[in-house]
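K.L.:
all I have is the shape, not the residue letters:
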């Protein structure tokens, strides 16, 4: 199985004591996918997360 090579570039990061929102691009070597991740923290660790992205650039 071929190892996936991904590069992430954070565009914006927002957060407080319990929530972090990251807006970033994933570069798959020619294809860029814009992604958002919402992370909920408990006791300094990620307790829950949701990731949203538009897969259409990858499907071309």
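P.N.:
Noted; the coordinates are in hand. Keep in mind that this is a model prediction, so the values were computed, not measured.

K.L.:
now do the helices in this structure.
P.N.:
56-59 (DSSP state H).

K.L.:
where does it have low pLDDT?
P.N.:
Where the chain drops to pLDDT under 70, the residues are 1-2.

K.L.:
wait, doesn't residue 29 sit right on residue 5?
P.N.:
Yes. Assessed by C-beta atoms under 8 Å, residue 29 is found in contact with residue 5 at 6.0 Å. Heads up, the C-betas are built off the backbone N, CA and C, glycines and all.

K.L.:
what's the spacing between residue 50 and residue 5?
P.N.:
Going from residue 50 to residue 5 by C-beta to C-beta, to the nearest Å gives 25 Å.

K.L.:
output the longest strand belonging to this structure.
P.N.:
The longest strand of the chain (DSSP state E) is strand 32-42.

K.L.:
mind checking how far residue 24 is from residue 42?
P.N.:
From residue 24 to residue 42 the distance is 23 Å (C-beta to C-beta).
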